[in-house]
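> Give me a model of this one.
(one chain, ligands or ions: 1)
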Amino acid sequence: MSKICVLGQGYIGLPTALLLANNGHEVVGIDVNKRVVDSLKAGKMPFEEKGFQELLDGAIAKKAFRAESLVEEADAFMVAVPTPFDPELRMADLKYVVSACEMIVPHLRRGNLVIIESTIPPNTCEKKIKQILEKSTLKMCEDFYVSHCPERAIPGNTLHEMVYNDRVIGGINEESTRLTADLYSSFVKGDLHLTTSTTAEMIKLMENTFRDVNIALANEFAQIADDYGIDVWKAIEIANKHPRVNILKPGPGVGGHCIAIDPWFLTENANNSSLIMMSRQINDSMPQYVLKMVKEMLAGIENPTVTVFGVAYKGDIADTRATPAKKFIKLAEKEGYRVKIYDPFVKEWCYSILGLEEAVEGSDCIVVLTDHSEFREMSPEKFGGKMKKLNIIDTRNIINIALWKESRYIIKTIGNCFGQ
Ligand SMILES: NC(=O)c1ccc[n+]([C@@H]2O[C@H](COP(=O)([O-])OP(=O)(O)OC[C@H]3O[C@@H](n4cnc5c(N)ncnc54)[C@H](O)[C@@H]3O)[C@@H](O)[C@H]2O)c1
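Numbering: from 1, shown residues only. Next comes the predicted model:
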């Protein structure tokens, strides 16, 4: 058993801390947010996800977990704090990682291990983390060990994925890798892939960049399909029957705090990354493409109202971080449209979220931006004759077309503009 301080008790740090606590370690969960610490001290999860509360109850019952605001001496430190994107510099903003490492410095002892779980650009452990931790006067590799162990879990299924996904473990030297692998093997049932810290930093960013570039290609295919008047969704489905082809889905853009951001962490110090940057541009331009579709559909209507269905960046969650819906709404408002919003998951946002009936009342067009399950089987019968004009644009290709056709809606889909 070892004592571990986990800095950052958010979506990643807290479940990791609880898994360690439930698997034989003494864990102190550290957070600078008093609300988070107070909630954990009271035995309550500060946010909800399947299985989290039970894990917290189990860790507390074992007396293996407590939450604190201040770092203390331990055998290992884990950093799982945010790494936001600096939109002006198009680089990772490492201020939280820097401050977390600075909080560790006074407590760093010979033989300690420091694991960075936060997503970071290549070379961060070798350069920045080393520089901060060596302020302790101890030497990296000789006195203390560092590794990067990026997280791949998906929100909504975090616990299962944290246990069963394969993990990449990249140490600054072999001893760092070995110590980190020992720690993770206490709860990870997937394979542990051992490598160097810089390679691990690169792998995490490559995984999300691969998805971003693939989605950009799908978005480009969708626009070409619109030019030719064919159905890109059918075309992708059949192309993916090829044993070595896997094209992802087109859509209104890419959101969330990983796929839309991580490619920039990879390119910030790279000499040649034109494909990655071009893909970012394509995905970032999709809200404009959706607006173009809306404008064509609503040509001739004065002061149109559009209803956005879904502002979460992906289906069946309430997460709106970096959602492309925000850009679409801003562009539509700039165009002079009145925009009303319905999202069954998001309750509070920078724009007001309305009830379904209020959102469609007097609307000229519904624009489906998120693949929430509710929209898949929704029938326009549900809100009767509240719409002013019967138009719907489905950017996710999820609506039940037969139901909307029955109600005489004009339907358009990205990548299948003429095919309905
Ligand atoms: N959430 C995901 O699905 C996911 C997946 C893969 C990777 N990641 C990466 O994991 C890292 C953490 O993400 P998250 O979603 O858990 O973030 P989060 O915003 O949910 O939680 C981060 C927590 O860190 C705390 N914090 C900030 N500075 C601190 C400090 N100096 N000391 C202690 N606590 C501090 C904040 O108060 C917050 O509670 C990020 O780098 C993210 O990119 C997240």
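> mind listing what the residue in the stretch 51-200 of the chain positioned nearest to the ligand touches?
Closest approach between the stretch 51-200 of the chain and the ligand, counting by CB to the nearest ligand atom: S118, at 3.3 Å. Every residue, glycine included, has its C-beta placed from N, CA and C. Neighbouring residues of S118 by CB atoms under 8 Å, 6 or more residues apart in numbering: 8, 79-83, 96-97.
> Relative to K241, which of those residues is nearest.
Closest approach between those and K241, by CB to CB: T83, at 38.4 Å.
> In terms of helices and strands, where is the residue of the chain most remote from its centre?
Going by CA atoms, centre = their mean, the residue of the chain most distant from its centre is G300, 38.7 Å out. Following DSSP states H and E, one finds G300 outside all helices and strands.
> Which ones among the contacts of S118 map onto helices?
In this view, the contacts of S118 that belong to helices under DSSP state H are 96-97.
> quick one: which of the contacts of S118 is nearest to G384?
If you rank these by distance to G384 using CB to CB, P82 comes first, at 44.2 Å.
> Pretty sure that closest one sits against Y96.
Yes. Between P82 and Y96 there is a contact at 5.1 Å, judged by CB atoms under 8 Å.
> Tell me the confidence at the residue nearest to the residue of the stretch 51-200 of the chain closest to the ligand when sequence neighbours are not counted?
Closest residue to S118 apart from its sequence neighbours, by CB to CB, 6 or more residues apart in numbering: T83 at 4.8 Å. We have a pLDDT of 96 for T83.
> same question, E117
Confidence score, pLDDT, at E117: 98.
> Verify the stated contact: it with M78.
Yes. Contact criterion CB under 8 Å: E117 and M78 qualify, at 5.9 Å.
> so what sits against both of the two?
Taking CB under 8 Å, 6+ apart as the contact rule, E117 and M78 both touch 13, 16.
> Out of the two, name the residue with the larger neighbour count.
M78 (29 against 21; other CB atoms under 10 Å).
> what sits opposite the more buried one in the beta ladder?
When assigned by DSSP bridges, M78 has beta-bridge partners V6, I115.
> Surely it touches I4?
Yes. M78 is in contact with I4 according to CB under 8 Å; the separation is 6.2 Å.
> Mutual contacts of those two, please.
A17.
> and H160, what does it touch?
No residues are in contact with H160 under the rule CB under 8 Å, 6+ apart.
> Can I take it that it is in a helix?
Yes. Under DSSP: H, G, I helix; E, B strand; the rest coil, H160 sits within a helix.
> let's have the chain start at 139 instead
In the new numbering, first residue 139, that becomes H298.
> Taking this protein, what residue is nearest to the ligand?
For the chain, CB to the nearest ligand atom, closest residue to the ligand: G148, 1.7 Å.
> how far away is that residue from D231?
16 Å (CB to CB, to the nearest Å).
> Show me which residues of the stretch 389-538 of the chain sit near the ligand.
Taking CB under 6 Å from any ligand atom as the criterion, the stretch 389-538 of the chain approaches the ligand at residues 395-396.
> What ranges does the stretch 389-538 of the chain have for its helices?
Counting by DSSP state H, counting those that start in this stretch, one finds helices in the stretch 389-538 of the chain at the ranges 400-405, 412-422, 424-435, 462-472, 494-498, 511-514.
> any idea which of those helices is most buried?
The highest mean neighbour count among the helices of the stretch 389-538 of the chain, using mean count of other CB atoms under 10 Å, belongs to helix 400-405: a mean of 24.
> Give me the helices and strands touching that one, please.
strand 229-230, helix 335-366, helix 412-422 (3 or more CB pairs under 8 Å, 6 or more residues apart in numbering; DSSP states H and E).
> repeat that for 10 Å
Judged by 3 or more CB pairs under 10 Å, 6 or more residues apart in numbering; DSSP states H and E, helix 400-405 is in contact with strand 223-224, strand 229-230, helix 335-366, helix 412-422.
> Give me the buried positions along the longest one.
In other words, helix 335-366. By neighbour count with 16 or more other CB atoms under 10 Å, helix 335-366 contains the buried residues 335-336, 338-344, 346-347, 349-354, 356-361, 363-364.
> residues touching V144, list them.
150-152, 154-156, 158-159, 163, 165-169, 203, 205, 212, 214-218, 253, 255 (CB atoms under 10 Å, 6 or more residues apart in numbering).
> Keep only those of these that are in strands.
Secondary structure from DSSP state E places 165-168, 203, 205, 214-217, 253 of the contacts of V144 in strands.
> low-confidence ranges in the stretch 339-488 of the chain?
Of all residues in the stretch 339-488 of the chain, none has pLDDT under 70.
> shouldn't S545 be in contact with M516?
No. S545 is beyond contact range of M516, at 11.1 Å (criterion: CB atoms under 10 Å).
> Compare those two (neighbour count), which wins?
Applying other CB under 10 Å to S545 and M516 shows that M516 carries more neighbours, namely 21 against 14.
> For burial, what's the neighbour tally of the residue nearest to that one when sequence neighbours are not counted?
Closest residue in space to M516, ignoring its immediate chain neighbours: I537 at 7.0 Å, by CB to CB, 6+ apart. By other CB under 10 Å, the residues close to I537 number 23.
> Do you know the pLDDT at I537?
Here, the pLDDT recorded for I537 equals 96.
> separation between it and K188?
Distance of I537 to K188, computed by CB to CB: 27 Å.
> how about the residue lying closest to A202 once chain neighbours are set aside, what does it touch?
For A202, ignoring the flanking residues on the chain, the nearest one in space by CB to CB, 6+ apart is A159 at 3.9 Å. If you count contacts by CB under 10 Å, 6+ apart, A159 has them with 142, 144, 165-167, 193-194, 196-198, 200-204, 325.
> How many residues are close by E264?
E264 has 17 neighbouring residues, counting by other CB under 10 Å.
> Over to A408?
Neighbours of A408 (other CB under 10 Å): 12.
> repeat for K266
Neighbour tally, K266, other CB under 10 Å: 17.
> One more: M139?
With other CB under 10 Å as criterion, M139 counts 10.
> Now do stretch 308-315: distance from first to last residue.
Length of stretch 308-315, first residue to last, CA to CA, to the nearest Å: 6 Å.
> secondary structure class for G308?
G308 ends up strand, using three-state DSSP.
> Show me what it is bridged to.
Bridge pairing for G308 - DSSP bridges - gives H286, T333.
> Could you break this protein into its assigned domains?
141-328, 343-421, 424-551 (automatic domain parsing).
> for the second one, the distance to its chain's centre please.
It stands for domain 343-421. Put simply, domain 343-421 sits 16 Å off its chain's centre (CA atoms, centre = their mean, to the nearest Å).
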